[in-house]
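Colleague: fold the stuff below for me.
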Amino acid sequence: MAIPDVQGSADSRQLPINQVGIKSVRHPIRVLDKSGGVQHTIATFNMYVGLPHNFKGTHMSRFLEILNGYEREISVENFESMLREMVKRLEAETGRVEMTFPYFINKQAPISGVKSLMDYEVTFTGNVLPGDVYRQTTKVVVPATSLCPCSKEISERGAHNQRSHITVTARTNTFVWIEDLVQMVEAQASCEVFGLLKRTDEKYVTERAYDNPKFVEDIIRDVAGMLNADPRIDAYVAEAENFESIHNHSAYALIERDKTA
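Modeller: Numbering: from 1, shown residues only. Take a look at the predicted model:
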């Protein structure tokens with residue numbers, strides 16, 4: 001007995017859908033790190049294809065079939081091939097996969113040398129565009145410290161500081177390690193943050209931030225300047241959000257540039 005394929009039936013509304021698919025699917029992945037090791041972590045996937053106007057729906061189960069077909073072998077190396085397989089199997093012209101996961105870097109405290117893990121949120125996004133063009137971006141969310149220049153200037157004792165999130169979404173023309181991108185971003189803040197600090201380290205990072213005050217505008221301009229100067233970066237969106245310690249709101253700034261345009 002044949003079962004009707006309702007999704008594959010015709011639609012008469014003449015309205016193509018830019019993205020249709022599944023969101024928030026968690027799946028194990030592996031990621032190579034710069035030290036030569038492999039991190040096994042859990043990623044959250046969003047998977048979409050473009051749907052032509054003449055099809056009623058897409059086959060949602062195929063997204064999961066593709067994901068599960070790789071079992072635990074989803075990685076940066078086969079990310080593009082998985083996306084292209086998705087587009088082919090769903091008979092689409094365009095497709096998009098977003099893979100978000102925690103990435104851990106073993107950091108050494110500046111004075112004591114004690115080591116601890118810091119986690120960073122990383123997102124790989126791949127797009128198959130019309131004409132079979134492939135584009136991929138890497139997004140990192142980097143926690144950091146900012147110290148207010150105005151507060152330092154007008155206060156007799158100390159200055160207010162806050163934890164910041166600096167987010168960079170970069171399209172590169174060659175491979176760039178996640179660790180390198182994180183370190184490049186951290187260098188633009190008043191000071192970087194660490195998972196574990198001893199008292200000598202706390203003294204150092206406090207004084208480091210005090211000697212390097214930056215508004216959110218300073219941070220984002222310094223990040224953009226660094227990205228502009230790096231020939232490996234073709235395009236980027238840079239964002240900085242300071243979670244203010246003396247206000248009930250955040251300060252925010254963004255710079256976006258396509259260096260190939």
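Colleague: can you give me the strands for this protein?
Modeller: In the chain, the segments counted as strands under DSSP state E are 17-32, 38-51, 95-108, 115-129, 133-147, 161-172, 191-192, 233-243, 250-258.
Colleague: and those: which comes nearest residue 224?
Modeller: Of all these, strand 250-258 sits nearest to residue 224, with 4.2 Å by Cβ to Cβ. No exception for glycine: its C-beta is placed from N, CA and C like everyone else's.
Colleague: what is that closest one packed up against?
Modeller: Packing partners of strand 250-258 (3 or more Cβ pairs under 8 Å, 6 or more residues apart in numbering; DSSP states H and E): helix 216-229, strand 233-243.
Colleague: ok, back up a step: and the strands of the chain as TSV, adding mean neighbour count and distance to residue 185?
Modeller: Shown next, in TSV, are these (neighbours: other Cβ atoms under 10 Å; distance: least, Cβ to Cβ, whole Å):
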stretch	mean neighbour count	distance to residue 185
strand 17-32	15	18
strand 38-51	18	19
strand 95-108	18	12
strand 115-129	17	10
strand 133-147	19	4
strand 161-172	20	5
strand 191-192	22	9
strand 233-243	22	9
strand 250-258	14	13
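Colleague: can I get the ones you listed in JSON lines with mean pLDDT?
Modeller: Formatted as JSON lines, the strands of the chain follow (pLDDT from 0 to 100):
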{"stretch": "strand 17-32", "mean pLDDT": "90"}
{"stretch": "strand 38-51", "mean pLDDT": "91"}
{"stretch": "strand 95-108", "mean pLDDT": "95"}
{"stretch": "strand 115-129", "mean pLDDT": "96"}
{"stretch": "strand 133-147", "mean pLDDT": "96"}
{"stretch": "strand 161-172", "mean pLDDT": "96"}
{"stretch": "strand 191-192", "mean pLDDT": "96"}
{"stretch": "strand 233-243", "mean pLDDT": "97"}
{"stretch": "strand 250-258", "mean pLDDT": "96"}
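Colleague: closest to residue 67 out of those?
Modeller: Nearest to residue 67, of all those, is strand 17-32, at 5.6 Å by Cβ to Cβ.
Colleague: how distant is the closest one from the center of its chain?
Modeller: Taking Cα atoms, centre = their mean, to the nearest Å, one finds the center of strand 17-32 at 14 Å from the center of the full chain.
Colleague: and stretch 34-44, by the same measure?
Modeller: 15 Å.
Colleague: tell me what residue 135 is bridged to.
Modeller: Bridge pairing for residue 135 (DSSP bridges) gives the partners residue 127.
Colleague: from what I see, it and residue 96 are in contact.
Modeller: No - Residue 135 lies out of contact with residue 96 (Cβ atoms under 8 Å); the separation is 9.7 Å.
Colleague: tell me, what's touching those two both at once?
Modeller: 126, 127 (Cβ atoms under 8 Å, 6 or more residues apart in numbering).
Colleague: not counting its neighbours along the chain, what's nearest residue 179?
Modeller: residue 34 (4.4 Å; Cβ to Cβ, 6 or more residues apart in numbering).
Colleague: quick check: the spatially closest residue to residue 220 that is not a sequence neighbour vs residue 237, distance?
Modeller: Spatial nearest neighbour of residue 220, chain neighbours left out: residue 253 (4.0 Å); criterion: Cβ to Cβ, 6+ apart. From residue 253 across to residue 237, the span is 12 Å (Cβ to Cβ, to the nearest Å).
Colleague: and the gap between the residue nearest to residue 220 and residue 171?
Modeller: Distance from residue 253 to residue 171, by Cβ to Cβ: 20 Å.
Colleague: what sits against residue 217?
Modeller: By Cβ under 8 Å, 6+ apart, residue 217 lies in contact with residue 253.
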